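K.L.:
Build the 3D model from these lines:
(chains A and B)
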Protein chains: 2
Amino acid sequence: MSSTTASTPATLLPGLRELMDGRWASVREDVRKQLGDRRLHPDPQWDLERHRAHITDLAHELAAGGHTVHGFSADHGGSDDIGGSVTSIEMLAYADLSLMVKAGVQWGLFGGAVQALGTEEHHRKYLRDIMEMTLPGCFAMTETGHGSNVAALETTATYDVATREFVVHSPTPTARKDYIGNAARDGRMAVVFAQLITPEGGHGVHALMVPIRDEHGRAMPGVTISDCGVKAGLNGVDNGRLVFDSVRVPREALLDRYGHVDPDGSYSSPIENAQRRFFTMLGTLVRGRISVAGAAASATQSALAIAIRYGQRRRQFEAPGHDQEIVVLDYTAHQRALLPALATSYALHFAQEELVRLLHDTQSGGTQDEEIQRQLEARAAGMKAVTTGHATHTIQACRQACGGAGYLTENLLPQLKADTDVFTTFEGDNTVLLQLVAKGLLTEYRDTVGDLNSLEMFKFLAEQVVDAIAERTSARTIAQRFRDPATDDADWHHSLFADREEHLLAGAARRLRRATEDDADPFEVFNDAQDHLLAAAKAHVDRWVLESFTSALERCEEPDVVALLERVRALYALSNIEADRGWFLEHGRITAAQSKAIIGAVNDLCREVRAHADTLVDGFGIPELWLDAAILRN
Amino acid sequence: MSSTTASTPATLLPGLRELMDGRWASVREDVRKQLGDRRLHPDPQWDLERHRAHITDLAHELAAGGHTVHGFSADHGGSDDIGGSVTSIEMLAYADLSLMVKAGVQWGLFGGAVQALGTEEHHRKYLRDIMEMTLPGCFAMTETGHGSNVAALETTATYDVATREFVVHSPTPTARKDYIGNAARDGRMAVVFAQLITPEGGHGVHALMVPIRDEHGRAMPGVTISDCGVKAGLNGVDNGRLVFDSVRVPREALLDRYGHVDPDGSYSSPIENAQRRFFTMLGTLVRGRISVAGAAASATQSALAIAIRYGQRRRQFEAPGHDQEIVVLDYTAHQRALLPALATSYALHFAQEELVRLLHDTQSGGTQDEEIQRQLEARAAGMKAVTTGHATHTIQACRQACGGAGYLTENLLPQLKADTDVFTTFEGDNTVLLQLVAKGLLTEYRDTVGDLNSLEMFKFLAEQVVDAIAERTSARTIAQRFRDPATDDADWHHSLFADREEHLLAGAARRLRRATEDDADPFEVFNDAQDHLLAAAKAHVDRWVLESFTSALERCEEPDVVALLERVRALYALSNIEADRGWFLEHGRITAAQSKAIIGAVNDLCREVRAHADTLVDGFGIPELWLDAAILRN
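P.N.:
Numbering: from 1, shown residues only, chains lettered A, B, ... in the order given. Predicted structure coming up:
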């Protein structure tokens, strides 16, 4: 108890590292080799221009090193390694978050959109230049007026049959493209999302390739570019705004894999249903969301590494019978601030790897199985929300755990905090994403029922789903079994997680049924249940995260590693249950005595895990120079 | 329900503003008049030097305007208005947080130390120059090795009888003074806290006036000054580090109100007991802590004002039967993110005013009543911890509620977040402060029993306190009464808060009793109970905050204001209980049915309060230019 020297066997680390590096270990090792011997953190005194130039230079360096081809077709110089593309973004996030976002914009969002929404001609014409970054580009989706509600974008792309061109236009001030990465300084071209209009009428949101700057960096005629200015963080990325004044682009500019316009203006699509087509196109966002989840996980691990190492050096306050002041990581409150978060980071790491596998296997196979695609999207949305929420909370706690030192830029935590702060917002606001998860859970037929806010969907949900779910949750057997939570009873933890999810889901469905009543206002019914829906989604993600942890342990062949990680898993599970013990008590899932015992068990597990904190931090495999905080130097 | 137009009577605002401005309304109005017509936010592109110069200029302007005299003796040009001095700092925090901290360092900490620890000669010599800022100074307490544990500071001040001087010295690298405001650029003198050593031996920590720069701004001989560099925020304040190499100062440099050294080296003090003397000197920190609590409250109100106003303009997603997209503040999840925090800000505002009254009445009367002094210190520590914790959490939520716009500096939230981030650390780490509160609660005889870590104290506590507290909590009658929490049953809320405090306290005392067992390691006993102690302290502060809210309503003579604020108080109380419902359920204080009803009641109260959100934001009385976020402009 409260020992200050780790008692982990030294032989354990290689096995832990192997498990943590996982399937894309070679991609991780490549990035470590290319960048791991350099401290990439920006000088906090740089002005915007200098910081942006630094990041752009690094991005060119990545391209020159051939590290940007993972996600692209082998036919055009890529390596068709989708999982590798996400893993390399995760790795960049340990090095520098502006670099990660710059790379994510260029190769993930911009390049990814051309790859996913374009056809062979677009691929031939653009992909190589995108990979090499000779064509820097933007992903111009979000507008000032609409971010979460993409279907309501106002920018128009109207086909002019006479000239065989699209006219791209911002009809209102709120149609302005906003927060667009690569727009303020570097971008030459943008994938612009706009309402496609042909003589037949509107076809919903589609994407077009629109040049925004000429080779001298001047804005193209009709394109007004402005700068979002200084942000809370990520100031190495040049976010800007784009306004289009009847900008003409050729017919071929339309990325037409899912929606094509013939020279005569007739529209065709391989996907009949407009709603399904829209969601299929939005499905291109999935890789971005998974990348942000991974990046948030990496940044959180970096912050934990710094705070936990500092917590083992920093001493404060004497205690009778102890000859030195107490190491702060030996205090219960300090352990509680950091170690359940460490355990959660382990859990999320394994869940992230499982998600990347699912992404890779789904997209590599070129599967059109909608059920798998839907499951992937829901998991990506849920993981993005939960992991970025964890990042915001944990990096804050790490800053505070380092006291005044944590507030100095030389100790890296301020940059980690500032850079990650927008992660809960971009690539989908977390609240909206959790709603998406809930929606996915509540119906298996989403693409046939319209969007979440429509009356039809509520009626549909109520009719189709309620009874089925109610059946599954009839047996409330779990609370009857008495368990000692201090023992590592993983089965009990799993069943509590699963039971919470099912019960919350059934309750949400029951509440939504009210929308079918004749005098009901469907929005009010939805809104009354919104907090319930969000809780159900969170419970679903948590259950999946715990199961991913267990799957990872099953893959591991080193008994010492498994033994250690079982304690970490128990800390994750019990601290999660403890935080939500109000719910478990309210619903008779645990007794008051069990609830109190869980609090004690979390304290005990914190002490156990604390003895292995160094090993667990080393298990992240972060190059030492990327953790080069001044407080850790002597 | 979900109406978008406020239904508050227009006549209500003046009464609300009067209640909120409170006893120091004229000080508030003075600051608004002097600075309220200017947008003081820094240009985020400024480098350190420019930003620091800007803040220094503003501080000189404050001094020239005579706004810096509140806290000083009327005998020397001050106005003896202690409450006014804290209130003016609170007001500066609405305008610019670097300015608030710069002013807090110069007039609160540095000037305050001279006022409180010095004697007539020091006052005559320094106070006027301090008020006018012709003598910019530092409060050099924290060292690299010791922040929270002030008693263990390593800097020494050794009396040399031969020359009648003190030799101020930093004997180790960790003795370096660190994070010292005003040190890196402007400070000419520092109040240095050091271990006082005379030929008789050591006398513990005392404070001395040490010149650190000459009139040309050059470091004095033997003083090495360095710069803490860029911080997460507050970059208008020049934090630095001081190292002393046998720096000689005259005997008169000792601020000798509580400890005097005669020319011959003999030491005397009006306070016999060394421990009591130490705590009396540290008592000078109380005003700083109260100022930080007030400043955190102000910054939180600013963030809420921006996010709530934006939440009423921003629309996203259509709903059937609604002709426009839904205003985001009408969503339950958005209301839950902001409105319980708004209610808490109201509660903390009233508690802060009560604390400032207590400070003013205690210190103005020159009372030496130790019981009142102890109560004041405990309340200051508790309010500082709770209010700065609320600030960190709420400003984060406000950033996120504004989406991508919240991440742009032009919308002010990034600066509020970055500047306030260290508030949970400086003027006392929140964990350490809550321990101080717990300690104060557990014994009325602190100054006779030694510090929190000593074996004697634990034994003492166990013997003296356990039985007394156990008596008070014998009747567990509260849960027996069934209440409908949706009704504004303030009595029930009060009794739940009080009962939680008493029960947690009794339990903590029981656990500490184990320290009296012969084989017990007192540190382990303390550490096992640390989370319990912190919870007891938090419960104590919360109870006091709720009572302050009720006292404020009793002072108010406007029935409409009272009616509105009763709903706000209910939202504060029930959202607090909801967040802690695990505890209330575990201890049989509420039933599962009541717990679920409380969740529903919080949702209902959010909707009620949402209709008055504009009025409640206006009630803070923040000058409009200080809330001049780009997103609120058109």
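
K.L.:
Could you tell me how many residues sit around the residue of the stretch 501-634 of chain A found nearest chain B?
P.N.:
The nearest approach of the stretch 501-634 of chain A to chain B comes at residue A:523, 3.6 Å away (Cβ to the nearest Cβ). C-beta: built from backbone N, CA, C; applies to glycine. Using other Cβ atoms under 10 Å in any protein chain shown, residue A:523 is surrounded by 22 other residues.

K.L.:
pLDDT at it, what is it?
P.N.:
What the model reports as pLDDT for residue A:523 is 91.

K.L.:
Which residue lies closest in space to it, excluding its sequence neighbours?
P.N.:
The shortest distance from residue A:523 to any non-neighbouring residue, by Cβ to Cβ, 6 or more residues apart in numbering or on different chains, is to residue B:319 (3.6 Å).

K.L.:
And what about that neighbour, helix, strand or coil?
P.N.:
What DSSP: H, G, I helix; E, B strand; the rest coil gives for residue B:319 is coil.

K.L.:
check contacts around it.
P.N.:
With Cβ atoms under 8 Å, 6 or more residues apart in numbering or on different chains as the criterion, the residues that contact residue B:319 are A:453, A:522-523, A:526, B:326.

K.L.:
And those, which two are furthest apart?
P.N.:
A:522 and B:326 (11.8 Å; Cβ to Cβ).

K.L.:
picking that back up, what does the residue nearest to residue A:523 show for phi and psi?
P.N.:
phi -140, psi 150 (degrees, to the nearest 10).

K.L.:
Kindly report the same for residue A:261.
P.N.:
Here residue A:261 shows phi and psi, under degrees, to the nearest 10, equal to phi -120, psi 120.

K.L.:
How about the contacts made by the residue of the stretch 501-634 of chain A closest to chain B?
P.N.:
Contacts of residue A:523 (Cβ under 8 Å, 6+ apart): A:453, B:319-322, B:326.

K.L.:
just residue A:434 next, same as before
P.N.:
So residue A:434 contacts A:381-382, A:385, A:533-534, A:537-538, A:541 (Cβ under 8 Å, 6+ apart).

K.L.:
Among these, which ones are in helices?
P.N.:
Residues of the contacts of residue A:434 located in helices (DSSP state H): A:381-382, A:385, A:533-534, A:537-538, A:541.

K.L.:
need the residues you listed in CSV with distance to chain B, neighbour count and pLDDT, can you?
P.N.:
Below are these laid out as CSV (distance: Cβ to the nearest Cβ, whole Å; neighbours: other Cβ atoms under 10 Å in any protein chain shown; pLDDT from 0 to 100):
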residue, distance to chain B, neighbour count, pLDDT
A:381, 15, 29, 96
A:382, 16, 29, 97
A:385, 12, 27, 98
A:533, 9, 27, 93
A:534, 6, 23, 96
A:537, 11, 30, 96
A:538, 12, 22, 98
A:541, 16, 25, 97
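
K.L.:
For the closest residue to residue A:581 other than its chain neighbours, grab the count of nearby residues.
P.N.:
Counting by Cβ to Cβ, 6+ apart, residue A:581 lies nearest to residue B:582, which is 4.0 Å off, once chain neighbours are set aside. Neighbour count of residue B:582, defined by other Cβ under 10 Å: 24.

K.L.:
cool, and residue A:265?
P.N.:
Neighbour count for residue A:265, taken as other Cβ under 10 Å: 15.

K.L.:
give the contact list for it.
P.N.:
A:159, A:161, A:198-200.

K.L.:
Can I take it that it is in a strand?
P.N.:
No. Using three-state DSSP, the assignment for residue A:265 is coil, not a strand.

K.L.:
Now for the residue in the stretch 1-150 of chain A positioned nearest to chain B: which residues touch it?
P.N.:
When distances are taken as Cβ to the nearest Cβ, the stretch 1-150 of chain A reaches nearest to chain B at residue A:44, 3.7 Å away. Counting by Cβ under 8 Å, 6+ apart, residue A:44 touches A:409, A:415, B:229-230.

K.L.:
Could you look up the SS state of it?
P.N.:
coil.

K.L.:
Quick one: name the residues of the stretch 401-550 of chain A near chain B.
P.N.:
With Cβ under 8 Å from any Cβ of the partner chain as the criterion, the stretch 401-550 of chain A comes near chain B at residues A:403-404, A:406-410, A:413-414, A:417-418, A:421-422, A:424-426, A:429-431, A:453-455, A:521-524, A:526-528, A:530-531, A:534.

K.L.:
Pull out the buried members of those residues.
P.N.:
A:403-404, A:406-410, A:413-414, A:417-418, A:421-422, A:424-426, A:429-431, A:453, A:455, A:521-524, A:526-528, A:530-531, A:534 (16 or more other Cβ atoms under 10 Å in any protein chain shown).

K.L.:
Among those residues, name the ones in helices.
P.N.:
Among these, the members found in helices (DSSP H) are A:413-414, A:417-418, A:430-431, A:455, A:522-524, A:526-528, A:530-531, A:534.

K.L.:
shaky segments in the stretch 301-450 of chain A?
P.N.:
The model of the stretch 301-450 of chain A has pLDDT under 70 over residues A:366-368, A:443-450.

K.L.:
For stretch A:209-228, buried residues please.
P.N.:
A:209-213, A:220, A:222-223, A:225, A:228.

K.L.:
next one: stretch A:369-379
P.N.:
For stretch A:369-379, burial by neighbour count (16+ other Cβ under 10 Å) applies to A:373-374, A:376-379.
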